[in-house]
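**Q** Would you be able to build a 3D model of this:
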Amino acid sequence: MSHVTTGEMCITNLDYAEEAAKKLGGRLVRGQTTFKWYGKWLNDWNDKRAAVNRGINPKTFGQCAHAIVMEDGAKGSYEVGLVEREDGKGFDAIYDVFGPGIQLEKKFGKGLGKLKTEIGVVTAMKTYGRMGYQVKEGTNKRGERQVKIWK
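**A** I've put the predicted structure just below:
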């Protein structure tokens with residue numbers, strides 16, 4: 001079955017996406033023009049998460065400019081395709097959540113939420129670091145991840 005969806009993010013910096021994917025056990029493959037998915041659109045998923053309900057043409061499923069793959073993925077593992085946005089301002093992340101795609105959400109979060117968060121952390125740390133701020137990542141007293149930024 002084909003259950004192609006989009007991660008709810010716009011990736012504007014491939015270097016940051018690469019670093020974030022690596023932290024989560026993935027790898028950005030620049031220039032990979034196809035990504036693994038079911039391979040055939042069946043029009044069998046009418047969920048609000050469905051890429052077709054978000055304006056993505058199913059004729060383009062499986063095509064991308066770059067891909068994010070799981071480092072520990074088994075043969076046949078699905079991948080995340082980074083597809084250039086129509087406005088040219090970055091990339092949408094497209095993937096198939098059904099079957100082997102479940103592993104993508106285990107690694108990168110539902111809707112790629114963990115990947116989105118990690119890209120945000122990398123972006124903040126790099127941006128503020130370049131601006132002369134002190135940046136430190138650690139754990140707070142409750143054991144939660146924390147990023148501190150100060151001048």
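
**Q** now the strands for the chain?
**A** Ranges of strands in the chain, per DSSP state E, are 4-11, 26-30, 66-70, 80-84, 91-96, 134-139, 145-150.

**Q** Direction included, what does the third one pair up with?
**A** The strands beside strand 66-70 in its sheet (DSSP bridges) come out as strand 26-30 (antiparallel), strand 80-84 (antiparallel).

**Q** rewinding a little: between the strands of the chain, which one is nearest to residue 53?
**A** strand 4-11 (9.2 Å; Cβ to Cβ). Every residue, glycine included, has its C-beta placed from N, CA and C.

**Q** If we go by neighbour counts, what in the closest one is buried?
**A** 4-7, 9, 11 (16 or more other Cβ atoms under 10 Å).

**Q** Same check on stretch 130-140?
**A** Neighbour counts over stretch 130-140 (16+ other Cβ under 10 Å) mark residue 135 as buried.

**Q** How far off centre is that stretch?
**A** Counting by Cα atoms, centre = their mean, to the nearest Å, stretch 130-140 is centred 24 Å from the centre of its parent chain.

**Q** same thing with stretch 54-68?
**A** With Cα atoms, centre = their mean, you get 13 Å for stretch 54-68.

**Q** Name the residues that touch that stretch?
**A** Contacts with stretch 54-68, where a contact means Cβ atoms under 8 Å, 6 or more residues apart in numbering, come from 2, 4-6, 14, 17, 21, 26-37, 39, 41, 43, 51-52, 79-84, 91-94, 96, 108, 115.

**Q** Please indicate which of the residues you listed are buried?
**A** 2, 4-6, 17, 21, 26, 28-29, 32, 35-37, 41, 51-52, 79-83, 91-94, 96, 108, 115.

**Q** Just list what the helix ranked longest in the chain packs against, helices and strands only.
**A** If you go by DSSP state H, the chain has its longest helix at helix 113-130. Applying 3 or more Cβ pairs under 8 Å, 6 or more residues apart in numbering; DSSP states H and E, one finds that helix 113-130 contacts strand 4-11, helix 14-23, helix 102-108, strand 134-139, strand 145-150.
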